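Peer 1: Predicted model and sequence follow; I will ask about them next.
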Amino acid sequence: MNAPASTPTVFDVQRIRADFPLLSRTVHGKPLVYFDNANTSQKPLSVIEAMNAHYRQHNANVSRAVHLLGEEATAAYEGARDKLAQFINAPSRNELILTSGTTQATNLVAYSYALPRLKPGDAILTTVMEHHANIVPWQLVAGRAGATVKAAPINQRGELIVEQYIAMLTPEVKLACVTQVSNVLGTVNPVREIARECKKRGIPLLVDGSQAVPHRPVDVQALGCDFYALTGHKMLGPTGTGALWAKREHLEAMPPFFGGGEMIREVRFEGTTFAEVPHKFEAGTPNIAGFVGLAAAIDYYQSVGFDAIHAWEQQLLAYATERLSEIPGLRIVGEAAEKEAVISFLIEGAQATDLATLLDLQGVAVRSGHHCAHPLMQFFGVPSTLRASLAFYNTREEVDEFIVALLKVRKLLM
Ligand code: PLP
């Protein structure tokens, strides 16, 4: 539940902001208010410096060289795997495939897990509120196999209709998918309950954790899912980093998706044998410096602590929601009982893109558009929304500045 807006807890947000160099810049001559965190987060100095130090001191390729630099780079890269595994409480580091992000993770499951199993008439279940990364890969493989993609409905508040999701878990469903947190609505889905129902029916569940990991502690074992996808750049890490966690039994049964160096045991023209998991899914040279940065991002989260982060973000969410609700003609899209700090909205008589463009001139960065969620826009009957997505380094003062700017630009467009 959201905390009341009137009871801020002590949280030294200014000390935290000092760790994020970009937050002190100006945009169009105005102090930056960065409310586009669901798109990508800003990075603390420790992440930037970790990557810098890697290139200055330790740069080499991983898993190949016997020289010291190669050992250091391999230790740093594999250390990031350890850290990520611990961050989401994976039972084993070897169940964690390092990817370029959630999109690569869902595509890996689509082509390596789903496609070999799908038969004509089978289905993959997802929901109306998903990001395209949790829809389109399923469509691509379903189309090849003569299978279909079904979407569980949501209600007008932007909540998944869980009974219907469960009712749609019929025998032809070979994989179920759901986002833990919606990137557009902020809705938090009841993943544990869904996982329990999937398990009863023997249907594996994939959870898109892209928008959950930046806000709350994640425990894949407690969630009870089979696959968990995440992206690093929304959780203080560099772009081009992410992961797929999957139960070992699935990974053992999945063929490699990409072929090349680093993922083989022996290559012969008569036939190639593959490395053990996770390496059989990590062909080619990975984003070594990126994962060094992601490991530093995890350290940063752990130094602040998710209890404090979540409490602060929930206060900001409640405060921003309250302030936005005072604006005449403004409609919030997504009013779920449990939300993360993401607020989509529309203002009567003004285009979302025009508002976002004018807000930028006031120094306020928000996103407008379909947010890679066309089916969700179709459900609400709108082409786009404006989205303010907050992080723990944002402040109540920034919410005030955002509201002042919004009132100003609204006037210009009316
Ligand atoms: N899933 C959700 C819910 C997202 O918000 C995003 C990014 O916006 C993605 C998946 C895709 O992440 P990436 O582009 O980093 O692969």
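Peer 2: Thanks, I have it.

Peer 1: Find the residue closest to Leu169 in space, skipping its chain neighbours.
Peer 2: Closest residue to Leu169 apart from its sequence neighbours, by CB to CB, 6 or more residues apart in numbering: Arg201 at 5.2 Å. To be clear about C-beta, it is placed using only N, CA and C from the backbone, and glycine gets the same treatment.

Peer 1: Run a quick neighbour tally on the one you found.
Peer 2: By the criterion of other CB atoms under 10 Å, Arg201 has 12 neighbours.

Peer 1: Give me the pLDDT for it.
Peer 2: Listed pLDDT for Arg201 reads 98.

Peer 1: so what's it up against?
Peer 2: Leu169, Pro171, Val173 (CB atoms under 8 Å, 6 or more residues apart in numbering).

Peer 1: dump the residue contacts of the most centrally placed residue in the chain.
Peer 2: Central residue of the chain (CA atoms, centre = their mean): Ser210, 1.3 Å from the mean position. By CB under 8 Å, 6+ apart, Ser210 lies in contact with Thr102, His131, Ala133, Thr179, Val181, Asn183, Ala229, Leu230, Thr231, Lys234.

Peer 1: mind checking how far it is from the ligand?
Peer 2: Relative to the ligand, Ser210 is positioned 4 Å away (CB to the nearest ligand atom, to the nearest Å).

Peer 1: So that residue: helix, strand or coil?
Peer 2: At Ser210 the chain is in coil, as set by DSSP: H, G, I helix; E, B strand; the rest coil.

Peer 1: Tell me the span between the first and last residue of stretch 179-199.
Peer 2: 17 Å (CA to CA, to the nearest Å).

Peer 1: In CSV: the contacts of Arg201, plus distance to Arg144 and pLDDT.
Peer 2: Below are those laid out as CSV (distance: CB to CB, whole Å; pLDDT from 0 to 100):
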residue, distance to Arg144, pLDDT
Leu169, 23, 98
Pro171, 21, 98
Val173, 17, 98
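
Peer 1: Include neighbour count and secondary structure when you put those residues into a markdown table, please.
Peer 2: Below are the contacts of Arg201 laid out as a markdown table (neighbours: other CB atoms under 10 Å; DSSP: H, G, I helix; E, B strand; the rest coil):
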| residue | neighbour count | secondary structure |
| --- | --- | --- |
| Leu169 | 20 | coil |
| Pro171 | 10 | coil |
| Val173 | 19 | strand |
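
Peer 1: Distance to Leu361 for these - can I get that in TSV?
Peer 2: As requested, the contacts of Arg201 are exported to TSV (distance: CB to CB, whole Å):
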residue	distance to Leu361
Leu169	48
Pro171	55
Val173	48
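
Peer 1: Narrow the contacts of Ser210 to those in strands?
Peer 2: Thr179, Ala229, Leu230, Thr231 (DSSP state E).

Peer 1: Kind regards, and thank you for your time.
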